[in-house]
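Novice: Fold the following.
(one chain, ligands or ions: 1)
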Amino acid sequence: MSTDLTERALSVYAPSAEFAAQANAQASLYQEAEEDRDAFWAKQARRLHWHTPFSEVLDWSEAPVAKWFADGKLNVAYNCVDRHVESGHGDQVAIQWEGEPGDSRALTYSDLLAEVSKAANYLTELGMQPGDRVAIYMPMIPEAIVAMLACARLGLTHSVVFAGFSSSALRSRIDDAAAKLVITTDGQFRRGKPAPLKAAVDDAIGGDTPAPSVEHVLVVRRTGQDTPWQDGRDVWWHETVEQASDQHEAQAFDAEHPLFLLYTSGTTGKPKGIVHTSGGYLTQASYTHDVVFDHKPGKDVYWCTADIGWVTGHSYIVYGPLSNRATQVVYEGTPNSPNEHRHFEVIEKYGVTIYYTAPTLIRTFMKWGREIPDAHNLSTLRLLGTVGEPINPEAWRWYHEVFGHGRCPIVDTWWQTETGAIMISPLPGVTECKPGSAMAPLPGISVQIVDDEARTVERGATEANGYLAVDKPWPSMLRGIWGDMQRFKDTYWSRFAEQGYYFAGDGAKFDEDGAIWVLGRVDDVMNISGHRISTAEVESALVGHEAVAEAAVIGASDETTGQAIVAFVILRQGVENTGDELVADMRAAVAKDIGAIAKPRDIYVVPELPKTRSGKIMRRLLRDVAEGRELGDTSTLVDPAVVESLRQK
Ligand code: PRX
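Specialist: Numbers count the residues shown, from 1 in each chain. Okay, the predicted model is just below:
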C-alpha cells in the first residue's frame, strides 16, 4: 500500500488558473468556517428563504439528535420552485427531461410551480395531513420529482422506494413507515421495453393481507399498458392532479419537520428508514451543490445520472440543484439504450456542463471503449463528479482525459444516505486533487480517522488503517432511524460513544499530505455499483428459498461493479442439486425478495461453510476463496479442510 500511495501522490491535478478565478468557492472558505462554525452555517442557511428566520443555529443538547435552526420556519418546495419564479426566472428551464424511448419534455420553473401546486392541491383533497407518509415508487419521470416536491410543500414525509426494488421490498417499507398513499406509474421503460410497475404495487399491498396503512394509490400513466385496478383505492394522476388548480400557497414548517425517510441497508436483514428533516438538510444540500459543483444558475446545464430512489437523487437531482435554480437534465433510462452512445448524445444534445456519476459507470464506459465518447462533442463539459464508492486512479484518469479532455476538475465526493449531503470532497477551484482520494472535509465539516480506541491515526501511517468518524454535528445529518431510535444510537453512536463521534462504517486513511483515502465499508454492507446491500439481506432471501438450508454472502471485488455479490449455500437434506437450474432459481428468489440489483453474481453450492468454534462464519476466508487469493489464517476454524475443499471447487 505504501509504495502505491507514494506513486499516486506524485500525480497531483491542480485546477487551472482560469477555473480557479471564476470558482464559487475560494480557499478562504475553509478559514471562514474554521473561525466560527455556527456563523458559517448560519450564513449558508440564509441562502434559503425562511418564512420565519431562525435565531439559534445548533442545539446539540439532546445529542445524538441534533436540532439545526430549530426556531426557524421554511417551506422546502417554496425554496426549490416558487422563489425562482418570484425572482423573475419562471421561464428558465428547470428540468430538461429525456425519456428512454426518445421522447422529451422541458419544464420551466413556472411549469414546475404549476405542476407542484396541482399535485399539492390534489393531495390535500385526498386528506393528506402534514407528517403523513407517502411512498413514491416511480421511474425517472418529471412527475416523480413533482410528487416529491408536492410532499415537501405540504409537510408530508416522502419515502421514495427505488423502482427496481421488488414488491416485497416495497411492502416492508410501506408497512414500516405506515404510508397512507403510494404514488406510482402504470409501467416503466427498461431497455426499450415497457415493464409493469403498478402491478408490483398491487402485489405488495393487495392480495390476502392488504397493507393496513394504504388508503390510495395514485398512478401516473407512463407506458399506457393494461393496468390492474382497484376502484375506490386507485386513482389516475391525469384524472385528478392534472385537473386540480395550479394555484397553491406554500405554508411554512419547522426547520426540524421531517422531510423524508429513505431506507438503506444496514448490517441486519432489515433496512433502516433514515430520517431527514428540512432546514438543515436543505441548507447543506444547497451549499454543497453550489460549492462542490461550482454551479452557476441560468448558465450551467447540470446532469446527475443517479436515480431518485437513492439519496444522490434526493440531494443532487431534487433538493440541491432546484434550490440553486439549476437547469438540469433528467434521463429516464439506461446508458446503453438503444446503444452505448446514449449518455454522450445527451451531453451533446443539451450542452451539459456539469456531469455527476458513479465510478462503476465510468468503468463500464472504459470497457465499452473510448471511441464511443470520442465520437461526440463533449466540449461543453467543465466539471465532473463521482460518488458512491472509491474511484480507482485508473478510472479517474480516464474520466479526466476522455470526458474532460484534461480540462475539467473532478470532484470525488464522499457521503452517505445518513449524512444527507456531501461531506468530503475537493473544492474544484481550490484543491489539488489526487486521483482516488476524496481529499478533505468541506468547509464546515470536521472528520477524524481513528483506531479502535478512538485514537487519531497518524498521517501517512501505512500499517493500521483507521475508521472514518465525524466528530462534529452537521446540518444535514440524519435525525434518527424511523421507529427505532435505539438502533440509531447503537449503529452510529455507540462505537465512539465516549467521544461523541459519528461512526460512518468506512475504513479510511490520511496520506502523508493529509489527503483522505476512503477504503470502503468495514461492516457487512456491500457496495454493488455504488448501491448498498447488506450480506444479511441477501442471505435471508436465499434462505427463504425452499432448497437452501444455510447461506453465506460476501462482497468480492469486481472490476466493473466495485464489489459483486457471491453466495455460498448449503442445500437442505434430500434436495437434489440440479446445477445451473437451481442456481438460476435461487437468483430469481433474491430478485423477488429484494430486487434485481441484489442478484448474486455467483452462487456456489457447497457441502459446508467455514466456521469458528463459536459458530461464526469466517467471511474473510470466503472472500479469499472468491477472489482466488492465498487463504488467510485458518487456525480458528473447526475444520480447516472445509475451505480447502471450497477452493478446489
Ligand atoms: O462506503 C461509502 C461509499 O458509499 C457508502 C454510502 O452509501 P449510500 O448511503 O448508499 O450513499 C451513496 C451515495 C452518497 C459510504 O459509506 N461511498 C460513497 N461515496 C464514496 C464512497 N466511498 C468512497 N469514495 C466515495 N466518494
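
Novice: From now on I want contacts and neighbour counts done on CA atoms only, so please keep to that.
Specialist: Noted.

Novice: Distance-wise, check A195 relative to F189.
Specialist: 6 Å (C-alpha to C-alpha, to the nearest Å).

Novice: Looking at those two, which is more packed in?
Specialist: F189 (20 against 15; other C-alpha atoms under 10 Å).

Novice: Phi and psi next, for that one.
Specialist: The phi/psi pair for F189 (degrees, to the nearest 10) reads phi -90, psi 130.

Novice: How is this structure divided into domains?
Specialist: 3-481, 529-648 (automatic domain parsing).

Novice: quick one: which of those domains is nearest the ligand?
Specialist: Across these, the ligand has its closest neighbour in domain 3-481 (3.4 Å, C-alpha to the nearest ligand atom).

Novice: Return the distance of that closest one from the chain's centre.
Specialist: Distance of domain 3-481 from its chain centroid, counting by C-alpha atoms, centre = their mean, to the nearest Å, is 7 Å.

Novice: Give me every residue in the stretch 401-550 of the chain lying close to the ligand.
Specialist: Contacts of the stretch 401-550 of the chain with the ligand, taken as C-alpha under 6 Å from any ligand atom, map to 412-417, 438, 506, 518, 520-521, 531-532.

Novice: Save these as CSV, and put in pLDDT too.
Specialist: Putting these into CSV (pLDDT from 0 to 100) gives the following:
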residue, pLDDT
D412, 98
T413, 98
W414, 98
W415, 98
Q416, 98
T417, 98
A438, 98
D506, 96
V518, 95
G520, 90
R521, 91
H531, 90
R532, 91
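
Novice: who wins for most neighbours among these?
Specialist: Ranked by neighbours (other C-alpha under 10 Å), these are led by D412, which has 33 neighbours.

Novice: residues in contact with the residue located most distally from the centre of the chain?
Specialist: Relative to the C-alpha centroid of the chain, counting by C-alpha atoms, centre = their mean, G574 is the outermost residue, at 42.4 Å. Applying C-alpha atoms under 8 Å, 6 or more residues apart in numbering to G574 gives no contacts.

Novice: Look at it and give its secondary structure.
Specialist: coil (DSSP: H, G, I helix; E, B strand; the rest coil).

Novice: Check the gap between it and H545 for me.
Specialist: 14 Å.

Novice: for the domains of the chain, which one ends up most surrounded?
Specialist: domain 3-481 (a mean of 20; mean count of other C-alpha atoms under 10 Å).

Novice: For I136, pull up the helix or strand it's in.
Specialist: Per DSSP states H and E, I136 falls inside strand 133-137.

Novice: Walk me through which strands that strand pairs with, and which way each runs.
Specialist: strand 157-160 (parallel), strand 181-185 (parallel) (DSSP bridges).

Novice: Now do that strand: everything it contacts.
Specialist: With contacts defined as C-alpha under 8 Å, 6+ apart, strand 133-137 is touched by 144, 147-148, 151, 156-163, 174, 177-185.

Novice: let's see it at 6 Å
Specialist: 156-161, 163, 179, 181-184 (C-alpha atoms under 6 Å, 6 or more residues apart in numbering).

Novice: For that strand, what does the pLDDT average out to?
Specialist: Regarding strand 133-137, the rounded mean pLDDT is 98.

Novice: next helix or strand past it?
Specialist: Strand 133-137 is succeeded, C-terminally, by helix 142-154 (DSSP H and E).

Novice: Does anything pack onto that following helix? Which helices or strands?
Specialist: helix 76-77, helix 109-125 (3 or more C-alpha pairs under 6 Å, 6 or more residues apart in numbering; DSSP states H and E).

Novice: about what we covered before: closest to E537 among the contacts of strand 133-137?
Specialist: V161 (16.3 Å; C-alpha to C-alpha).

Novice: ok, now which ones touch the closest one?
Specialist: Taking C-alpha under 6 Å, 6+ apart as the test, what V161 contacts is 136-137, 309.

Novice: what do you get if the cut-off is 8 Å, keeping everything else the same?
Specialist: 135-138, 170, 173, 262-263, 309.

Novice: What of V292?
Specialist: With C-alpha under 8 Å, 6+ apart, V292 has these contacts: 25, 411, 425-428.

Novice: wouldn't L218 be in contact with T184 here?
Specialist: Yes. Between L218 and T184 there is a contact under C-alpha atoms under 8 Å: 6.3 Å.

Novice: in a helix, that's where V217 is, yeah?
Specialist: No. V217 sits outside any helix when classified using three-state DSSP, being strand.

Novice: what's across from it in the sheet?
Specialist: Those that pair with V217 in a beta bridge, by DSSP bridges, are V182, D234.

Novice: What's the separation between it and V346?
Specialist: Separation of V217 from V346 (C-alpha to C-alpha): 33 Å.

Novice: try G480
Specialist: Counting by C-alpha to C-alpha, the gap from G480 to V346 is 38 Å.
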